[in-house]
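> dropping a prediction and its sequence here:
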Amino acid sequence: MRAAGNSHGILAPASPTRRVPIRPPEEGSMLDIVMLATGLGSFVLFAAYVAGCARI
Amino acid sequence: MTTNGWAQIALILALMVGAAVPFGRYMTAIADGRVRFLAPLETLFYAAGGIDPRRGQGWKAYTLAMLASNAVGFVLLYAILRLQGALPFNPQGLPGQSHWLAFNTAVSFVTNTNWQAYSGESSLSYFSQMAGLTVQNFLSAATGIALAVALSRAFAAGGVKDLGNYWADFVRFTLYLLLPMAIVLGVALVACGVPQTLSDYVTATTLEGAQQTIPLGPAAFQIAIKQLGTNGGGFFGVNSAHPFENPSAVSNLLECWAILPLAFGLALTFGDIVKDRRQGWVLMWVMVGFVVAGTVVTYAAEAAGNALHIAAGVDPAMGNMEGKEVRFGAALSAIWAVVTTGASNGSVNAMHDSFMPLGGIIPLFLIQLGEVLPGGVGSGLYGMILFVLLSVFVAGLMVGRTPEYLGKKVQAKEVKLAMLAVLVLPVFILGFTAVSLVMPSAVASLANAGPHGLSEMLYAFSSAAGNNGSAFGGLTADTPWFDTTMGLAMLFGRYGVIVPAMAIAGSIGAKVKAPESAGTFPTHTPLFAGLLAGVILIMGGLQYMPSLALGPVAEHFVLAAGKTF
């Protein structure tokens, strides 16, 4: 029989020994914008592709 | 090969094919709006979104609505993965994923690929698994089914202007098909011993006295939908080879079976919608034929074992057991490998990297054939229709008639669009593989040299662009280069096929349906099934055989000469 795990409340924070920064300090927010722009830009491109395919 | 092994394979295949009939009919009923047992909830969704489900959409509006819903899904999932350190249900206190990895993972789950450059138990919180990945498992599968149904409607009658309402199809297939099935399968998996808990990981003391952390989590329901929705992303890093993700022969049977009934069933749904069930059966039997043939080759290769191992004194009775679970053996590993790659599922119960070269070439080639055999839920059917159009075009050229399918003339516009869709995959698979193989930094991510290393790289980009998501293994994929390029391959492999396929739906739908005549090429016969299978094989062979010859085929001969990598 396995040991029971600790119950975990919905909003309970992680234990202090495990807690880590939400975002490591060396990473900037600029890359978030680049990644989101790459993803969303691709969807915009596919929307334009819809118009392109309609012309064939 | 053993009789027992063949019997297990036959049982799984029989259950898959047998289930296709009721599921196919049920999906037709959902597509027609005849299933309404959750009508109040369905209406609530429409009211919240300001949607009129009776309002039809043309192919452009339908496709743009799909793109909009998927774009929102991408942003939400990216945000969850980046911010998971501040979100609840994170008993391990795991930080957010890096920018690159979050991009890769978000794209992966929105496109139904589920390529995983991370290990779930060591990098994702329960919230990310539940609210992020599991939600997208439902939505990306519903997206595929909705698109396949919309394309089917285009062939149903002449002068079809609207293909249905995307939002209505999307909500209905989620509510009436995926959700109930996932609940039933999830409960069954819990009964098999798969964890479904929000408790923290537990620490155990081993017999040697060492401390071992045992990961838990809300795994069962995510595993249920990842199989049913042909998503494939494992809750745990090694997917269904993990003893908690797939604890027993019974759970293996359930999980393997769950990959294909909807994909096979959709072929029959197509027959129902076009009001000619024979058309659906022919598509399904072509799919079944490829799955059976692939399984025979893979099982034969794996059961024969590795000659070098046998020479070293390894008992050959079990076949090649490197990278396989002893619980499942060569037969159940072979059928799973074929089913998961034929279906764009991508979950694994064995490591494909450790398959014999001729065993590994089949999963790789099935992905490269376009994930149409039988393909992912929805994506398999609309991919197959593209090959059907190319087949009737070839047949038309041979007899000198204007090709037609189900009474609709297939003209230059449809063939151009079909070729646009079909050529997307080789461009991204072979292009990114070639570029990566000349980049020292990318080659450094490979675990093996020689033809096996080439296979690892080729498989990774095939899996991404084909929206399969399984990993051959042997590639350290969480680098900025692979996270980004594979993310792009997933996006273009998904939507680069969908958009022209939907344009074909718009064009075909608007055409008049001509009555069948003596000159009509019948598309419900074994002859057409053979032609369709031939076109799929020849196109796949022409596109990928040179790269396969340099990878698994070369490795097969080198291995026979006693050399490994």
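Perfect, thanks for sending it. Residues are numbered from 1 along each chain as shown, chains lettered A, B, ... in the order given.
> rest of the way, CA atoms for contacts and neighbours
Will do.
> helix, strand, or coil at the residue in the stretch 251-400 of chain B that chain A sits nearest to?
Going by CA to the nearest CA, chain A is nearest to B:Leu386 of the stretch 251-400 of chain B, at 15.0 Å. Secondary structure, DSSP: H, G, I helix; E, B strand; the rest coil: B:Leu386 is helix.
> low-confidence ranges, chain A, go.
Within chain A, the ranges that satisfy pLDDT under 70 run A:1-28.
> and the helices in it?
Along chain A, counting by DSSP state H, helices occupy A:30-55.
> and the residue lying closest to B:Asn345 once chain neighbours are set aside, how many residues sit next to it?
Nearest non-adjacent residue to B:Asn345, counting by CA to CA, 6 or more residues apart in numbering or on different chains: B:Thr230, 4.0 Å away. Other residues within reach of B:Thr230 by the criterion other CA atoms under 10 Å in any protein chain shown amount to 35.
> quick check, B:Thr230 in a strand?
No: counting by three-state DSSP, B:Thr230 is not found in a strand; it is coil.
> show the backbone phi and psi for it.
phi 50, psi 40 (degrees, to the nearest 10).
> that one touches B:Cys256, doesn't it?
No: counting by CA atoms under 8 Å, B:Thr230 stays clear of B:Cys256, with 10.7 Å between them.
> which pLDDT value goes with the residue lying farthest from the centre of chain B?
Relative to the centre of chain B, the most outlying C-alpha is that of B:Gly209, 42.4 Å out, by CA atoms, centre = their mean. Per-residue pLDDT puts B:Gly209 at 92.
> returning to that earlier point: check what pLDDT the residue nearest to B:Asn345 gets.
Listed pLDDT for B:Thr230 reads 93.
> next: the one 3 residues further on.
We note a pLDDT of 92 for B:Gly233 in this prediction.
> what sits against it?
Counting by CA atoms under 8 Å, 6 or more residues apart in numbering or on different chains, B:Gly233 touches B:Thr113, B:Asn114, B:Trp115, B:Gln116, B:Lys226, B:Asn239, B:Gly346, B:Ser347, B:Gly469.
> looks to me like it is in a strand.
No: counting by three-state DSSP, B:Gly233 is not part of a strand but coil.
> which stretches in the stretch 101-250 of chain B count as strands?
Taking DSSP state E, counting those that start in this stretch to define them, one finds strands in the stretch 101-250 of chain B at B:202-205, B:211-214.
> which helix or strand contains B:Gly265?
Per DSSP states H and E, B:Gly265 falls inside helix B:261-273.
> any buried residues in the helix or strand just after that helix, and which?
Sequence order places helix B:277-304 as the next helix or strand after helix B:261-273, per DSSP H and E. By 16 or more other CA atoms under 10 Å in any protein chain shown, the buried positions in helix B:277-304 come out as B:277-288, B:290-292, B:294-304.
> beta-bridge partners for whichever residue of the stretch 201-350 of chain B sits closest to chain A, please?
Residue nearest to chain A within the stretch 201-350 of chain B: B:Val202 (5.4 Å; CA to the nearest CA). Per DSSP bridges, residues listed as beta-bridge partners of B:Val202: B:Ile214.
> what's the local residue count around it?
As a measure of burial, B:Val202 has 15 neighbours, counting by other CA under 10 Å.
> ok, now how distant is it from B:Gly217?
As for B:Val202, its distance to B:Gly217 is 11 Å (criterion: CA to CA, to the nearest Å).
> related to what we said a few turns ago, so the helix holding B:Gly265 versus helix B:277-304, what angle?
Interaxial angle of helix B:261-273 relative to helix B:277-304 (axes from the mean of the first three to the mean of the last three CA atoms, to 10 degrees): 160 degrees.
> name the surrounding residues that touch helix B:261-273.
B:16-17, B:19-25, B:27-28, B:145, B:149, B:152-153, B:156, B:228, B:277-281, B:283-284, B:287, B:343, B:374-378, B:380-381.
> buried only: go through those residues for me.
Buried by 16+ other CA under 10 Å: B:16-17, B:19-21, B:23-25, B:27-28, B:145, B:149, B:152-153, B:156, B:228, B:277-281, B:283-284, B:287, B:343, B:374-378, B:380-381, out of those.
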